[in-house]
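Q: turn this into a model:
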Amino acid sequence: MMALTYPLSYTQFLGALRIAEVTFRLSHPQEHTRLGDGTVISASLGASLWTGTIRLAQANHPRHAQMEALLALMDQPGATFLCNDPRQIGPANDRTGTILGNRAVTIHSVASNMRELRITGLPAGYALSAGDMLAFQYGNNPVRYALHRIVVGGTASSTGLTPMLELVPNLRPGAAAGLTVSLIRPACKARLLPEPTYATGRQALNRGASFDFIQTLR
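A: A predicted model of the protein is given here:
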């Protein structure tokens, strides 16, 4: 059997864990300056990235040892995995992707404000709602993984084309028409933040393992 290659797939990492609790949010690094007249000026300090915490469910020692072996692997420099919100498999109106099936969904067009796009290839009348997520890959050397949450949704036309969908975070250079879009387990590339918490236990059960993660664009 060949050694694992990065980023690890859902099946190789997140899908192999027993997850008890999840925090999955968008982090906007910024600073604020308050002027004498009460005006507050905000400035970005870097890219908006997905970040969060995953706490593992209690398990017997052999099962927890399997999960902690994966944590030890992912705690190494350069180790990455495909990270999606485990609470959300598909859009709110198609939770398991049954309606979507194996359709080839792509970006149709990107707005000049880099906050909106249209996608095509959907079933007629397919609804995307605020809170749904989508992902696509762009660029090369390295390939980058974009993950976005819909803020203003819409319903696909009879030809499978959506209206403009507003997203967070803003689209980055490289987002373009023709790129394949994932709506089922949409994921970014992420890495563990240092020093995950390993479980403690007595006798049969172990509990308390958790780790923090952050999206990486490289």
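
Q: which residues outside the worst-scoring helix or strand of the chain on mean pLDDT are in contact with it?
A: Lowest on mean pLDDT, DSSP states H and E among the helices and strands of the chain sits strand 40-44, with a mean of 76. With contact meaning Cβ atoms under 8 Å, 6 or more residues apart in numbering, strand 40-44 is reached by 28-35. For every residue, glycine as well, the C-beta is placed using N, CA and C.

Q: could you list the domains of the chain?
A: 14-84+189-215, 106-186 (automatic domain parsing).

Q: so which elements touch the helix or strand Ala72 falls within?
A: In the assignment (DSSP states H and E), Ala72 maps to helix 61-74. Packing partners of helix 61-74 (3 or more Cβ pairs under 8 Å, 6 or more residues apart in numbering; DSSP states H and E): strand 188-192, strand 205-207.

Q: deepest of these, which one?
A: Sort these by mean neighbour count, taking mean count of other Cβ atoms under 10 Å, and strand 188-192 sits at the top with a mean of 23.

Q: in its sheet, what does it sit against?
A: If you go by DSSP bridges, strand 188-192 pairs up with strand 81-83 (antiparallel), strand 210-215 (antiparallel).

Q: in CSV: those strands, plus mean neighbour count.
A: Listed next are the strands paired with strand 188-192 as CSV, based on neighbours: other Cβ atoms under 10 Å:
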stretch, mean neighbour count
strand 81-83, 25
strand 210-215, 19
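
Q: those strands into a markdown table, with extra columns for distance to Gly153?
A: Converted to a markdown table, the strands paired with strand 188-192 look like this (distance: least, Cβ to Cβ, whole Å):
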| stretch | distance to Gly153 |
| --- | --- |
| strand 81-83 | 23 |
| strand 210-215 | 23 |
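
Q: next, format these as TSV and append distance to Ala104 and mean pLDDT.
A: Formatted as TSV, these follow (distance: least, Cβ to Cβ, whole Å; pLDDT from 0 to 100):
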stretch	distance to Ala104	mean pLDDT
strand 81-83	20	98
strand 210-215	25	97
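
Q: looking at these, which is nearest to His61?
A: Nearest to His61, of all the strands paired with strand 188-192, is strand 210-215, at 17.6 Å by Cβ to Cβ.

Q: pLDDT weak spots in the chain?
A: 1, 43, 45 (pLDDT under 70).

Q: try it again at 80.
A: The model of the chain has pLDDT under 80 over residues 1-2, 29-32, 36, 38, 42-46, 202-203.

Q: one step back: give the buried residues for the helix holding Ala72.
A: If you call a residue buried by 16 or more other Cβ atoms under 10 Å, then helix 61-74 has these buried ones: 64, 67-68, 70-71, 73-74.

Q: which residues sit against that helix?
A: 4, 8, 13, 16-18, 56, 58-59, 79, 81, 191-192, 196, 198-199, 201, 204-206, 209, 211.
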